[in-house]
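**Student:** A predicted structure for the sequence below; I have some questions about it.
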Amino acid sequence: MAAVSGVSMPGCSPARELGPGAQSAGAPTPGDRSKMEESTESEKQSRVSALLDRLHAKHCAARPWQETSKVVRQAMEKRGVPNAGGHQLLLTCLETLQRALKVSSLPAMTDRLESIARQNGLGSHLSPSATECYITSDMFYVEVQLDTGGQLVDVKVAHHGENPASCPELVQHLRDRNFEEFSKHLKGLVNLYKLPGDNKLKTKMYLALQSLELDLTKMMHMFRLATNANTVETILHGSVGLLTSRSGGHLVTLQCYVSPYDVFEEGTGALLNLTDSNVPRSLGVSVSVTIEGTSSVYKLPIAPLITGSHPVDNKGTPSFSSVTNSNCVDLPACFFLKLQQPMPFSLSFIHRMGNATGIPVFEMAPAMVPLYELITQSQLQEEGGGTLPPHTHNMRFYASLPGQQHCYFLNRDAPVQEGRCLQGALVAKIPFRHPAQVPALLDIIRHQAAYNTLIGSCVKRTLIKEDTPGLLQFEVCPLTDSSFSVSFQHPVNESLVCVVMEVLETRQVSCKLYKGLSDALICTDDFITKVVQRCMSIPVTMRAIRRKAETIQADTPALSLIAETVEDMVKKNLPPAGSPGYGMGTGGGGNLMGIPGGGGGSTPTGGGSSGMGMAGGG
């Protein structure tokens, strides 16, 4: 075809106008484009190389130190005043560099200590010999004693008006070069004095806290003197639990609850040999004792109130002196038991704590939400944090046990209190004003912790397919703030049975099995109670019940005949006389099991089933 360069043919499309000749004449070929790109790239590289050569020629020449110093000084003079954000960024960078540097000399050690003091808003200065570093505030100071090689000699803490006292915990942290923990202690000391008023008022508040700590320590010793309790018994039943004294920036800690699994070593499953000296502060449920400013004024003791050194009964109860103007003062502050993590409490338990102290737990009433929802969220965060599994919105959880797979539906919307579901709120701290109020508060905390442990035992991040063969279904439904029911299919008959569990105290749980009169025997109430109190786990208990039923079935040939009879009557739509007509609901229905108390009344833990055709499993 002839080339038609630049000629317009009537009636032809633009594509026809740009024939092969036009392409070759008006646009570069692919080969030309490639050459042009290579030429452009090589030009860029040559320009970069030339620039680098010039920079090297300018700055690689030997330059005297005076000239370098002059250039740096000129640059600093030209620098503008940094804004607050830039200054903070610079400090952050310097602190990061400090943490990365190895501390192996006296100057490095003092530099690190001064940096940590700045991070916590504290002052610092060195002794003339530079072997003592003082970290200071208006209300306390920390004295770090070093030798000339930068090795630690001692760490002392002095509160306002007190002589400095050695702190073994801070000594150990600095010897281990654990500066992060040392910094946490300083932060704790700073937080201790975040109180209203001037230094004189803060000193009175500190004296009040100190007096409380002395009384609580005496209360623990009196309990042990009266009961001869070991470490775990002291935690579970002690009037103030197991007390760990204040050390550095760590407040007095009262450990008041451990579950059975807390006393086993993670991984190996070996039983921990717990003594007072090796119990971690984070074990189980614990509270720290502190004082904080409040909007109201309370009369707080500024001197110990316990009189004598012997308890008045066999439970270790002490005798307290009367509150007078000589041993107490009015302060805009209150004592607090602070939980390690906010803990779910039912509404009635929150009211009980307020009644025990005469002070509302919350200054402003919080929004109430279903208690089971709070327990679920707390348990999942404790297990691993991060995002919640996708199946949590419908309150279905799975447990994989040896030989069994379970699915648990937590019926958070079941009506319990005046047609409403069991409601609660997260509690972070509990106010009080007298040491005698602490035992009652700890008992309420233990009671709620035991309830939460049982419900939380169903909450796992495990995922199992709904159509998994042999997957066993269970429904957990609240009855009162201390009791709940677990409903499931009878292991032998095609009917529903129910176990009602009521938490009486820390490790005392009452259990009762409800089944149809014609249903085969599964196990006794006593068997269930023993299993629950030993493990405090619903899945483990349900597995034990099923295995016990299998054992009874194997030992009782007549059970198969009973099962066949019930199955035949069901097929003919003739339910056995007195058999309850209930279904395994999953919504917010009320009394699913037809048990007295299931809709908000008393828990059916005693007596018969009031004409419901249900018999206890005793």
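**Tutor:** Yes, it's here.
**Student:** now the strands for the stretch 101-250 of the chain?
**Tutor:** For the stretch 101-250 of the chain, the strands defined by DSSP state E, counting those that start in this stretch cover 123-126, 132-136, 140-146, 152-159, 165-166, 242-244.
**Student:** Could you dump the ones you listed into JSON lines with distance to residue 350 added?
**Tutor:** Glycine gets a C-beta too; all of them are placed from N, C-alpha and C. As requested, the strands of the stretch 101-250 of the chain are exported to JSON lines (distance: least, Cβ to Cβ, whole Å):
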{"stretch": "strand 123-126", "distance to residue 350": "42"}
{"stretch": "strand 132-136", "distance to residue 350": "40"}
{"stretch": "strand 140-146", "distance to residue 350": "35"}
{"stretch": "strand 152-159", "distance to residue 350": "34"}
{"stretch": "strand 165-166", "distance to residue 350": "39"}
{"stretch": "strand 242-244", "distance to residue 350": "25"}
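**Student:** Now do the contacts for residue 507.
**Tutor:** 236, 450, 533, 536 (Cβ atoms under 8 Å, 6 or more residues apart in numbering).
**Student:** how far away is it from residue 524?
**Tutor:** Separation of residue 507 from residue 524 (Cβ to Cβ, to the nearest Å) stands at 20 Å.
**Student:** and the contacts of residue 507, which of them are in helices?
**Tutor:** 236, 450, 533 (DSSP state H).
**Student:** Spit out the contact partners of the closest residue to residue 161 other than its chain neighbours.
**Tutor:** Among residues not flanking residue 161 along the chain, residue 203 sits closest, at 6.7 Å (Cβ to Cβ, 6 or more residues apart in numbering). Counting by Cβ under 8 Å, 6+ apart, residue 203 touches 139, 160-161.
**Student:** May I ask which helix or strand encompasses residue 406?
**Tutor:** In this assignment (DSSP states H and E), residue 406 forms part of strand 404-410.
**Student:** Please identify the buried residues of stretch 256-274?
**Tutor:** Buried residues in stretch 256-274, defined by neighbour count with 16 or more other Cβ atoms under 10 Å: 256-259, 262-263, 272, 274.
**Student:** Ok, stretch 335-343 next?
**Tutor:** 335-339, 343.
**Student:** what about this protein, any weak spots by pLDDT?
**Tutor:** 1-38, 59-62, 76-86, 267, 385-393, 553-618 (pLDDT under 70).
**Student:** for the longest strand seen in it, packing partners?
**Tutor:** The longest strand of the chain (DSSP state E) is strand 328-346. With contacts taken as 3 or more Cβ pairs under 8 Å, 6 or more residues apart in numbering; DSSP states H and E, strand 328-346 sits against helix 199-227, strand 285-301, helix 371-383, strand 423-432, helix 438-456.
**Student:** Partner strands of that strand, with direction?
**Tutor:** strand 285-301 (antiparallel), strand 423-432 (antiparallel) (DSSP bridges).
**Student:** would you list every one of the helices in the stretch 51-200 of the chain?
**Tutor:** 65-78, 84-100, 106-119, 168-175, 179-192, 199-227 (DSSP state H, counting those that start in this stretch).
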